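J.: predicted model and sequence below, questions to follow.
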Amino acid sequence: MIQLLDHRALPELKTPKSLAVRIVTPGGIFWQGQAQSVTLPSKDGEMGILKGHVAVTAILDVGVLWLRSNGKVFFFSVQKGFAQVEADQVIVIVNQAELGNEINPEQAQYSLEIAANNCHLAVSLPDKIQAKRALKLAQVRLKAAQGLR
C-alpha cells in the first residue's frame with residue numbers, strides 16, 4: 001500500500017528568490033548576476049530554468065540565450081558550449097557571447113545577407129558547412145540584437 005505524505009506536515013523550504021547566473025567565455029566572465037529565469041539554447045531545443053530546477057548539464061548550440069533579471073529581459077547571442085545547473089546556480093560556458101543590445105542591428109542584418117549569399121555560392125562540402133554555420137550565427141546575432149528568441 002502506498003502511503004501519501006501530508007504536505008502540511010513537511011517543513012517549509014526556504015529557496016532563494018533568484019538564480020545566480022554566470023556566462024563564461026575563453027576571455028573570462030562575460031556576464032554575472034541574478035536572474036529569475038534563464039532560457040538556454042540546448043542541442044535539443046530551448047531549455048527553461050527556474051529556481052529549484054533539478055541538477056542538469058546541457059550541451060548548448062549556437063542560439064539566443066535570454067534571461068529575466070530585475071524586471072528586465074537580456075538577450076545574448078552565444079556560440080556552442082555547455083551549461084551546468086545546480087543548487088539554483090547556472091553556469092554557462094560558451095566559445096563566444098555577445099549582449100544583444102550591444103549588437104548593431106543594421107550590421108547584423110548586413111552580415112546575414114552576406115552569409116545567405118555565401119550559402120548560395122558555396123560549392124564544396126566544407127564550404128557549404130562553413131557557410132551554413134556562418135548563416136546560423138548571423139541569424140542568431142540578428143535575433144539577439146532585435147530582442148527575439
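T.: Structure received.

J.: show me where this protein has strands.
T.: 19-25, 28-35, 37-42, 45-50, 56-60, 63-69, 72-78, 81-86, 89-94, 97-99 (DSSP state E).

J.: how about the ones you listed in JSON lines, adding distance to A138?
T.: For every residue, glycine as well, the C-beta is placed using N, CA and C. Shown next, in JSON lines, are the strands of the chain (distance: least, C-beta to C-beta, whole Å):
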{"stretch": "strand 19-25", "distance to A138": "19"}
{"stretch": "strand 28-35", "distance to A138": "20"}
{"stretch": "strand 37-42", "distance to A138": "15"}
{"stretch": "strand 45-50", "distance to A138": "20"}
{"stretch": "strand 56-60", "distance to A138": "18"}
{"stretch": "strand 63-69", "distance to A138": "13"}
{"stretch": "strand 72-78", "distance to A138": "10"}
{"stretch": "strand 81-86", "distance to A138": "19"}
{"stretch": "strand 89-94", "distance to A138": "17"}
{"stretch": "strand 97-99", "distance to A138": "12"}
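
J.: among these, which is the most enclosed?
T.: The highest average neighbour count among the strands of the chain, using mean count of other C-beta atoms under 10 Å, belongs to strand 63-69 at a mean of 23.

J.: could you dump that strand to CSV, C-alpha only?
T.: Output of strand 63-69 as CSV, limited to C-alpha atoms (Å, rounded to 0.1, in the frame of the first residue of the first chain):
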residue,chain,number,x,y,z
GLY,A,63,21.5,30.3,-30.3
VAL,A,64,19.9,33.1,-28.3
LEU,A,65,20.2,32.8,-24.5
TRP,A,66,17.8,35.0,-22.7
LEU,A,67,17.2,35.8,-19.1
ARG,A,68,15.0,37.9,-16.8
SER,A,69,16.8,39.9,-14.2
